[in-house]
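[1] 3D model of this:
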Amino acid sequence: MPILIFISLFTLLDFAVLFSIGSQIGLLTTLLLVLGTGFIGLHLVRKEGVSTFARARQRMQAGEIPSSELLTGAALIFGGALLMAPGFLSDALGLACLIPSARQLMFKALTWLGLKTVVAQQQNSGASSAKPENDQSKRSSQENGPIEGDFISRDEPPHRH
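    Sure, this is the predicted structure:
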């Protein structure tokens, strides 16, 4: 839910900035800037995408997992989508996704934020899991079969009741 609120607020702010700047510089100039950033974004996505795909192919042929290339590809797609959206804030964020050094800074910031979130979730779940679970509830959940999130192997026989 917080991500939906963030996206909504970002979109509203982006349109407010677009209309404010557009009223100052004129409609034709605003349209040219929005279309120009879209075309520049398409060119950069194509150029960076081809080189990222080539690096991913090389790493796969070497027997490695191209995890950084997958992240880069996701950032390129996200950046290209932002450049296609009308607005100056979305264009600035989209260009940041396409520039390699800015992209690395964003990855570090997202990793740091993600680690903080995971640590906070673990601390919250650690406090709630401190109460012991009784054996009867464990037994009944095992007798009823797998629950959502349980891993079921193909070799494991199905549970019959």
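[2] shaky segments in this structure?
    1, 115-119, 122, 125-161 (pLDDT under 70).
[3] Which other helices and strands does the longest helix along it contact?
    Counting by DSSP state H, the longest helix found in the chain is helix 27-61. Judged by 3 or more Cβ pairs under 8 Å, 6 or more residues apart in numbering; DSSP states H and E, helix 27-61 is in contact with helix 2-25, helix 67-84, helix 88-98. In this view, the C-beta of every residue, glycine as well, is placed from N, C-alpha and C.
[4] Mind listing residues that contact the longest one?
    The list of residues contacting helix 2-25 from outside it, by Cβ atoms under 8 Å, 6 or more residues apart in numbering, reads 30, 33, 34, 85, 86, 87, 88, 89, 90.
[5] Let's have those in CSV, adding neighbour count.
    Output for the contacts of helix 2-25, formatted as CSV (neighbours: other Cβ atoms under 10 Å):
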residue, neighbour count
30, 18
33, 17
34, 19
85, 19
86, 17
87, 23
88, 18
89, 17
90, 24
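[6] Now tabulate these in CSV and tack on distance to residue 70.
    Converted to CSV, the contacts of helix 2-25 look like this (distance: Cβ to Cβ, whole Å):
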residue, distance to residue 70
30, 36
33, 32
34, 30
85, 23
86, 29
87, 27
88, 29
89, 26
90, 23
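[7] And for the residue nearest to residue 71 when sequence neighbours are not counted, the neighbour number?
    Once flanking residues are discounted, residue 71 sits nearest to residue 107: 6.5 Å by Cβ to Cβ, 6 or more residues apart in numbering. Look at residue 107: counted by other Cβ atoms under 10 Å, it has 14 neighbours.
[8] Check residue 92 too.
    Residue 92 - counted by other Cβ under 10 Å - has 14 other residues nearby.
[9] Could you do residue 56 as well?
    Residue 56 has 19 nearby residues by other Cβ under 10 Å.
[10] I'd like to know how far it sits from residue 50.
    Note on residue 56: its distance to residue 50, by Cβ to Cβ, to the nearest Å, is 11 Å.
[11] now swap in residue 120 and tell me
    Distance from residue 120 to residue 50, by Cβ to Cβ: 39 Å.
[12] Look up how far residue 66 lies from residue 83.
    For residue 83 relative to residue 66 (Cβ to Cβ), the value is 24 Å.
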